[in-house]
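> Prediction below, plus the sequence it came from.
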Amino acid sequence: MNGLTKTYGLGDAAFQALKGIDLTIRKGEFVVIMGPSGSGKSTLMNVLGCLDTPTSGHYLYEGIAVETLDADQRSLLRRYALGFIFQGFNLLARTSALENVELPLLYRGMSRKERHEKATAALTAVGLPTKLSSTPGELSGGQQQRVAIARAIVTEPSTLFADEPTGNLDSVTTRDIIEILTRLNVDRGITVLIVTHDENVAACAKRRVVIKDGLVESDSTSP
């Protein structure tokens, strides 16, 4: 990212959420993005995840100039390279865990057999091999977030975005979820970016980027 800005509204009603972000994230990093409410961190996450477009500046993703892509091209980038985990899980209530995880593969035109195999493997990877037929209402909050993680990794993304992934979870379940994300980062080399207010989550990351007033206030690494 080089000089990345994002402005909402026009004229006197304009609000500049990002004011010129300069940031480089290397492949395979585990990065936590923190900052007070209204700092611009969620806006930054949305731009990085191609869910929103910058107003100005440059954003290169593995050599691709994202700011030059149209909506369909950004959709393809999300579909084939990016995975997303949200605080609210966003699972289909009347659909089994297996079918929820299979959903992203439908958009790829994958056969039912292959979808089933990949979704089963993803649920097994997050520790839910016996919950394939369970609906979200039959699962705990932690189990639902595991399903959401399985759905995010079933497409084998190179980058995983997590927006407050433990916001609705207790401390024990939070630790379990962070261990899963850490394992995915270490074992599979997936780049992980987490937006969080939780210091316990931040303590698990090797790199912490703090956003304040639309700018990078600090960027630090730890063992």
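Ah, there it is.
> quick one: secondary structure of residue 148?
Three-state call for residue 148 (DSSP: H, G, I helix; E, B strand; the rest coil): helix.
> for the host helix or strand of residue 144, what is the average pLDDT?
Using DSSP states H and E, residue 144 sits within helix 141-153. Computed over helix 141-153, the mean pLDDT rounds to 93.
> can you dump the C-alpha coordinates of that helix into PDB?
This file holds the C-alpha atoms of helix 141-153, laid out as PDB (Å, rounded to 0.1, in the frame of the first residue of the first chain):
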ATOM      1  CA  GLY A 141     -20.400 -20.200  19.400                       C
ATOM      2  CA  GLY A 142     -16.900 -21.500  19.200                       C
ATOM      3  CA  GLN A 143     -18.000 -24.400  16.900                       C
ATOM      4  CA  GLN A 144     -19.800 -21.900  14.700                       C
ATOM      5  CA  GLN A 145     -16.600 -19.900  14.300                       C
ATOM      6  CA  ARG A 146     -14.700 -23.000  13.500                       C
ATOM      7  CA  VAL A 147     -17.200 -23.700  10.700                       C
ATOM      8  CA  ALA A 148     -16.700 -20.100   9.500                       C
ATOM      9  CA  ILE A 149     -12.900 -20.700   9.500                       C
ATOM     10  CA  ALA A 150     -13.400 -23.900   7.500                       C
ATOM     11  CA  ARG A 151     -15.500 -22.100   5.000                       C
ATOM     12  CA  ALA A 152     -12.800 -19.400   4.700                       C
ATOM     13  CA  ILE A 153     -10.000 -21.900   4.100                       C
END
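> and the residue lying closest to residue 52 once chain neighbours are set aside, what are its phi and psi?
Counting by C-beta to C-beta, 6 or more residues apart in numbering, the nearest residue to residue 52 once its immediate chain neighbours are dropped is residue 46, at 4.1 Å. Just so you know, the C-beta spots here come from the backbone N, C-alpha and C atoms, and that holds for glycine as well. Phi and psi for residue 46, reported as degrees, to the nearest 10, are phi -60, psi -40.
> if I pick residue 52, what's in contact with it?
Applying C-beta atoms under 8 Å, 6 or more residues apart in numbering, we find residue 52 in contact with 6, 43, 46.
> Please enumerate the helices of the protein.
Assigned helices in the chain, in chain order: 41-48, 71-81, 97-106, 112-125, 141-153, 171-188, 199-202 (criterion: DSSP state H).
> Would you mind giving these as CSV with distance to residue 56 and mean neighbour count added?
Shown next, in CSV, are those (distance: least, C-beta to C-beta, whole Å; neighbours: other C-beta atoms under 10 Å):
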stretch, distance to residue 56, mean neighbour count
helix 41-48, 11, 22
helix 71-81, 17, 14
helix 97-106, 31, 21
helix 112-125, 38, 17
helix 141-153, 30, 24
helix 171-188, 31, 16
helix 199-202, 29, 16
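> Show the contacting residues for the most centrally placed residue in the chain.
In the chain, the residue lying closest to the centroid (C-alpha atoms, centre = their mean) is residue 161, at 1.5 Å. Contacts here follow C-beta under 8 Å, 6+ apart; on that basis residue 161 touches 45, 48, 49, 82, 83, 84, 85, 193.
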